[in-house]
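>>> quick one: sequence and predicted model below, then my questions.
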Amino acid sequence: MNETTETQTASPAVLPARIYWFITGLSVYWVLFLWGFWERHVFALGINASLFLLGLFALAHYSLGKDSFANKCAWYWIAPLLVVSVSYSLFENPFIKLCNLLFIPVTVGFLTLLVRIKDQEQVFASYVRLLLASLAAAFEIFVQTIPSIASYNKFLAAHFVGGRLSLRPEARSVLKGLVMLSFLAFFIVIPLLGSADNTFGKIFTNLYQQIANALEHLFELEHFWRLLMLFAVSAFCISFLSAWTKDIKAFWEIKPTQRDQISAAVLIFGVLVLYLIFIFLQFDKFWEGTLPVVFNETEAYVKSGFWQLVVLTGVNLLLAFSYFHQSDSVLKFLLACFVIASLLLLGSAAHRMYLYVTHYGLSYEKFYASYTVLYCAVLFAIILISFTRPTANITKLAVLLLLWMYSLVTVLPVEYMVSRANLALSYKLESRMGVGDLKILSIDALPFVKAHRRELAAPKPSALPWQSIDSWISSQEKLLQEKSWYEYSISAIYSAH
């Protein structure tokens with residue numbers, strides 16, 4: 001019997017004034033230094049994005065005190081998110097930056113669950129429910145942004161206006177004096193003095209023009225959207241802090257039920273037999289070092305076959321998670337054999353990808369696909385080892401492994417690795433790659449490409465040379481010049497020099 005998640009509905013938290021000031025500063029920072037995101041998307045994210053994310057997490061830590069995730073979560077849950085935040089300031093890799101836009105909210109939602117729930121082991125009762133609950137928690141933060149606007153408006157009203165939109169007496173007196181001074185100076189005193197002295201008149205004629213230009217620039221549409229975004233980011237920060245302070249009255253509760261051992265054994269055994277037949281038929285291909293000559297046949301064998309095996313790996317993991325805690329010794333033995341067979345299937349997928357890379361070079365897709373296979377292989381190995389420890393929580397281990405492996409890949413010099421590997425592979429006789437495929441890479445690859453320009457553009461034994469290399473270098477240098485100084489990463493700084 002399962003219970004759904006039930007949260008306590010509460011209005012956004014009322015925070016100390018210093019926290020509102022910090023939030024306002026963080027919002028001003030976003031509007032000033034991250035505004036290029038709307039025009040150039042992830043290419044405008046660099047050191048500026050790292051500082052904003054780290055500032056947001058520092059805000060949560062120091063403002064919430066004992067309710068902070070740093071006090072309620074172990075460091076190994078928080079560190080991956082901090083590593084991903086820092087990765088923006090290291091490399092320009094647009095693919096991983098795009099993936100981060102999904103990873104960061106989901107991970108924040110996951111940490112929100114850990115903070116809210118006293119018995120954190122309940123979170124790991126089900127892998128699927130954990131993912132759905134993390135998405136729901138992340139979505140809740142964005143939804144709560146709207147009512148959080150009221151909290152921010154109260155802060156503004158309390159510090160800039162009194163009561164009901166009426167200015168404080170001191171502020172009203174200063175404003176009244178400024179209005180009177182402006183009217184008297186600009187419409188009476190300055191014109192009269194300017195008529196009495198031409199030099200004085202010329203000075204203030206230029207001043208009038210500058211003020212007119214400033215007012216015209218002030219009321220441009222972009223400034224309106226920046227001001228609106230400042231309110232939106234402030235409200236989001238308040239919602240972000242409020243999410244950690246809410247309590248959950250009841251979390252999902254999965255009562256331990258004994259599954260049908262016979263049906264489970266039949267299911268696992270049947271699938272295992274099918275896998276063994278497939279492995280037997282594929283055994284000879286493990287020793288093959290070549291691919292079909294026709295590219296369409298290669299694509300069908302490698303790409304389609306690879307992803308089909310990866311999907312099967314996901315199904316295998318689901319079955320392993322479902323029946324891991326069964327007490328029947330026969331079923332455990334079948335499940336252990338099933339996990340070993342799954343590893344062999346994964347080996348077949350890895351072999352296909354290895355042949356594809358050695359013949360056609362490395363790319364974003366192939367690198368991250370291979371990394372996914374590595375994650376699945378390590379996870380299967382952990383499950384296999386965990387059979388000796390029946391109390392092990394494999395869902396918890398799977399999530400922890402996912403967070404750390406993803407965070408580590410964000411700080412790897414992927415584009416340098418891809419460039420270097422493709423240059424080395426292009427000299428192989430069996431190579432069918434086009435070195436010009438490196439044009440999909442970003443600024444991170446620019447220093448390596450410039451250093452090996454002649455090699456990459458020169459004819460190879462079988463690989464096609466990169467004929468448009470000069471054009472690619474020029475386009476990347478142009479993109480580099482378009483970046484503002486605060487949008488640079490360390491890689492971009494290195495590329496610029």
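Cool, got the structure. All figures in this text were calculated on a predicted structure; none of them were measured in a lab.
>>> helices along the stretch 251-400 of the chain, start to end?
261-282, 295-299, 305-323, 329-360, 364-386, 394-410 (DSSP state H, counting those that start in this stretch).
>>> how big is the angle separating the fourth one from helix 261-282?
If I follow you right, that is helix 329-360. Here helix 329-360 points in a direction 30 degrees away from that of helix 261-282 (axes from the mean of the first three to the mean of the last three C-alpha atoms, to 10 degrees).
>>> which other helices and strands contact helix 329-360?
Under the contact definition 3 or more C-beta pairs under 8 Å, 6 or more residues apart in numbering; DSSP states H and E, helix 329-360 sits against helix 261-282, helix 295-299, helix 305-323, helix 364-386, helix 414-425. In this view, the C-beta of every residue, glycine as well, is placed from N, C-alpha and C.
>>> how far off centre is the longest one?
Right, helix 364-386. Here the centre of helix 364-386 is set off from its chain's centre by 20 Å, with C-alpha atoms, centre = their mean, to the nearest Å.
>>> now the angle from that helix to helix 394-410?
Computed by the same axes, to 10 degrees, the angle between helix 364-386 and helix 394-410 is 150 degrees.
>>> and helix 364-386, what does it pack against?
Contacts defined by 3+ C-beta pairs under 8 Å, 6+ apart place helix 364-386 against helix 305-323, helix 329-360, helix 394-410, helix 414-425.
>>> for V310, give me its contacts.
With contacts defined as C-beta atoms under 8 Å, 6 or more residues apart in numbering, the neighbours of V310 are 349, 369, 372-373, 376.
>>> what's the ChimeraX line that selects buried ones from these?
To isolate the buried members of the contacts of V310 in ChimeraX, using 16 or more other C-beta atoms under 10 Å:
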select :349,369,373,376
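>>> pLDDT and distance to N213 for the contacts of V310 - can I get that in a markdown table?
Supplementary listing: these in a markdown table, determined by pLDDT from 0 to 100; distance: C-beta to C-beta, whole Å:
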| residue | pLDDT | distance to N213 |
| --- | --- | --- |
| A349 | 79 | 64 |
| A369 | 87 | 55 |
| T372 | 89 | 55 |
| V373 | 88 | 60 |
| C376 | 87 | 61 |
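>>> from the contacts of V310, pick the one nearest V106.
Taking C-beta to C-beta as the measure, V106 lies nearest T372 of the contacts of V310, at 16.6 Å.
>>> any idea of the pLDDT on the closest residue to the closest one other than its chain neighbours?
Leaving out its chain neighbours, the residue that sits closest to T372 by C-beta to C-beta, 6 or more residues apart in numbering is V310, at 6.8 Å. Here, the pLDDT recorded for V310 equals 71.
>>> so how far is I394 from V310?
19 Å (C-beta to C-beta, to the nearest Å).
>>> residue boundaries of the helices in the stretch 1-150 of the chain?
Defined through DSSP H, counting those that start in this stretch, the helices belonging to the stretch 1-150 of the chain, from first to last, are 17-33, 37-40, 47-64, 69-72, 75-87, 94-116, 127-143, 145-160.
>>> got the contact list for the fifth one?
Translated: helix 75-87. Taking C-beta under 8 Å, 6+ apart as the criterion, the residues outside helix 75-87 that touch it are 49-50, 53-54, 57, 69-70, 96, 100, 103-104, 107-108, 111, 114, 400, 403-404, 406-408, 410-411.
>>> could I get the buried residue list for that helix?
By neighbour count, and taking 16+ other C-beta under 10 Å as the criterion, the buried residues in helix 75-87 are 77-78, 80-81, 83-87.
>>> tabulate those (JSON lines), appending pLDDT and distance to V128.
JSON lines is the format used below for the buried residues of helix 75-87 (pLDDT from 0 to 100; distance: C-beta to C-beta, whole Å):
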{"residue": "W77", "pLDDT": "91", "distance to V128": "19"}
{"residue": "I78", "pLDDT": "90", "distance to V128": "24"}
{"residue": "P80", "pLDDT": "95", "distance to V128": "21"}
{"residue": "L81", "pLDDT": "93", "distance to V128": "22"}
{"residue": "V83", "pLDDT": "96", "distance to V128": "26"}
{"residue": "V84", "pLDDT": "96", "distance to V128": "23"}
{"residue": "S85", "pLDDT": "95", "distance to V128": "27"}
{"residue": "V86", "pLDDT": "96", "distance to V128": "30"}
{"residue": "S87", "pLDDT": "95", "distance to V128": "28"}
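>>> out of the residues you listed, who's nearest F124?
W77 (11.5 Å).
>>> for E140, which non-adjacent residue is closest in space?
Distance criterion C-beta to C-beta, 6+ apart; nearest residue to E140, sequence neighbours excluded, is A243 at 6.4 Å.
>>> for E170, which of the helices of the stretch 251-400 of the chain is the nearest?
Of all the helices of the stretch 251-400 of the chain, it is helix 394-410 that lies closest to E170, at 50.6 Å by C-beta to C-beta.
>>> next, the angle helix 305-323 makes with the closest one.
150 degrees.
>>> gap between A138 and F37?
Note on A138: its distance to F37, by C-beta to C-beta, is 19 Å.
>>> the more surrounded of those two?
Neighbour tally, A138 and F37, criterion other C-beta atoms under 10 Å: the higher count belongs to A138, 21 against 16.
>>> against F110, how distant is that one?
8 Å.
>>> sketch out the low-pLDDT regions of the stretch 351-497 of the chain for me.
390 (pLDDT under 70).
>>> and the contacts of stretch 482-497?
When contacts are taken as C-beta under 8 Å, 6+ apart, the neighbours of stretch 482-497 outside the stretch itself are 33, 36, 40, 43-48, 88-92, 413, 443-444, 446-447, 476, 480.
>>> I'd like the distance between the residue nearest to L54 when sequence neighbours are not counted and L114.
If the residues on either side of it in the chain are set aside, L54 comes closest to S85, at 5.5 Å by C-beta to C-beta, 6+ apart. Relative to L114, S85 is positioned 18 Å away (criterion: C-beta to C-beta).
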